[in-house]
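A.B. asks: test case, fold it:
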Amino acid sequence: MSFSKISACFVVLLLVFGCCRAGNGQEKLRVDDETVAVVQSPWIDQKVDTDADLRGLCVVNSQVVWGSGTDGTVVYTADAGKTWAVRKVANEPGRENPRYDFRDIEALDEATAIVINSGDPASILRTTNGGLRWKRVLDYPNKSAFFNSVSFWDERRGIAMSDPIDGSVLLLRTTDGGVSWKQLRLEHRPDMEFGETGFAASGTNMQTRGLKTVYIGLGGGKNGQMKNSSRMFISRDYCKTWTVSSLPLKRSESSGIFSVHFINNTDGVAVGGDYQKEDSTESNYAFTSNGGKTWAIPSPRVPPSGFRSCVAQYVSGKEIGLVAVGPNGTDLSTDLGNKWRRISDKGFNVVRFSPDGKTGWAAGANGRIAKWKMPRIEKKPQSLGTK
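C.D. replies: Okay, the predicted model is just below:
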């Protein structure tokens, strides 16, 4: 056994013997296939009365959080998680009852929110009273539509993205806070390659930024198709024109870009991988330092510890960091997404932070919701959990 492995094992043994059992906010963290450490968990589990698969999440501020998922489920708190309301969106009288699957939700304030139904019909719904009542403001007529994500630049201007229609990405915009939506003309919708699509895994394959910028990460494939790279569409002029970037994430029916986040106008990170291989660290992240013109994998490569469906930004004091989640756990980066450290075995579909970056939440399968608690990070942390 090498000296580095002996040192790592010694650190783990100190952690294990320092805590006789997991409890009081602690969890057993998998270091590798043979070693488990007891650590402080960065997640505080919530008690929410739902077993829905939650993929949409919006943190309005330190008090107000919205979530959405299967079976028409919307979850809501206005008191920082002390109490949660679980609401099943009712069908409008006289209309067929669709099978609602809410893959993303965006809230404008504690009363107003917009949710997308991904399936048939691909719909957009809106509430103005905290989710007590919803109105379907759009049913897209083409059954090939499948909404992946919705995002807003400000309280009035927003954009919704769907899988391709007639060979180009389907984009709809609103300028009245989601009351009405208009489809972008074909000349303002970039063409997609064969098999290319978006992944509606966390509502974060698309990010709006500033007043006019939007990023859209893609993946997907058909008929056993496999490509060595995925693509990202970038517009900096409110969707009038687009540039296309290539990212070193393999693209197939089950792999590609699942989530994108830019910290500022130059530094960004994309995460993903293959959702059918939850523990694989192959081709699951890339970063850019020039606004998305080019993307790279750092050397040495220290990736997130598995497939990751979502990445989000936090602020702790003067530190800005990134948190990435997937079904097998949680990873953290404190260097703009270059290197990652596994910090929890708790898995989620989505993680989001408040606009100031100080309040974070995550949601996932079987109604799991948890609140972020910033873990204590050593200045020179051991590399944990990367296979």
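
A.B. asks: please, where are all the helices along the stretch 201-350 of the chain?
C.D. replies: Read by DSSP state H, counting those that start in this stretch, the stretch 201-350 of the chain holds no helices at all.

A.B. asks: and the strands in it?
C.D. replies: In the stretch 201-350 of the chain, the segments counted as strands under DSSP state E, counting those that start in this stretch are 206-209, 213-217, 226-227, 230-235, 243-247, 251-252, 255-262, 268-274, 285-288, 310-316, 319-326, 329-333, 341-344, 350-353.

A.B. asks: what is the last one packed up against?
C.D. replies: Put plainly, it is strand 350-353. Packing partners of strand 350-353 (3 or more C-beta pairs under 8 Å, 6 or more residues apart in numbering; DSSP states H and E): strand 54-59, strand 310-316, strand 319-326, strand 360-363. From N, CA and C alone the C-beta is placed, and that goes for glycine too.

A.B. asks: could you redo the last one with a cut-off of 6 Å?
C.D. replies: Identification of packing neighbours for strand 350-353 by 3 or more C-beta pairs under 6 Å, 6 or more residues apart in numbering; DSSP states H and E yields strand 54-59, strand 310-316, strand 360-363.

A.B. asks: list the neighbouring strands of the last one plus their orientation.
C.D. replies: Based on DSSP bridges, the strands next to strand 360-363 in the sheet, each with its direction, are strand 350-353 (antiparallel), strand 369-372 (antiparallel).

A.B. asks: so which bits of the last one are buried?
C.D. replies: So the one you mean is strand 369-372. Ile369, Ala370, Lys371, Trp372 (16 or more other C-beta atoms under 10 Å).

A.B. asks: can you tell which of the helices and strands packed on strand 350-353 is closest to Leu172?
C.D. replies: strand 54-59 (17.1 Å; C-beta to C-beta).

A.B. asks: now for the helix or strand following the closest one, which elements pack on it?
C.D. replies: Later in the chain than strand 54-59, the nearest helix or strand by DSSP states H and E is strand 65-69. Counting contacts by 3+ C-beta pairs under 6 Å, 6+ apart, strand 65-69 is packed against strand 54-59, strand 73-77, strand 102-107.

A.B. asks: measure stretch 205-213 end to end?
C.D. replies: Stretch 205-213 has an end-to-end distance of 14 Å (C-alpha to C-alpha, to the nearest Å).

A.B. asks: which residues are in contact with that stretch?
C.D. replies: 148-149, 151, 153, 161, 198-199, 214-217, 236-238, 260, 262 (C-beta atoms under 6 Å, 6 or more residues apart in numbering).

A.B. asks: which residues sit in contact with Gly220?
C.D. replies: Under the criterion of C-beta under 6 Å, 6+ apart, the contact list for Gly220 reads Gly195, Glu196, Thr197, Gly256.

A.B. asks: returning to what we had before: could I get the helices and strands packed on strand 65-69 as CSV with mean neighbour count, mean pLDDT and distance to Ser123?
C.D. replies: Shown next, in CSV, are the helices and strands packed on strand 65-69 (neighbours: other C-beta atoms under 10 Å; pLDDT from 0 to 100; distance: least, C-beta to C-beta, whole Å):
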stretch, mean neighbour count, mean pLDDT, distance to Ser123
strand 54-59, 28, 98, 14
strand 73-77, 24, 97, 14
strand 102-107, 26, 98, 10
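
A.B. asks: Trp43: which of the ones you listed is closest?
C.D. replies: strand 54-59 (13.7 Å).

A.B. asks: next, the angle strand 73-77 makes with the closest one.
C.D. replies: Interaxial angle, strand 54-59 versus strand 73-77 (axes from the mean of the first three to the mean of the last three C-alpha atoms, to 10 degrees): 30 degrees.
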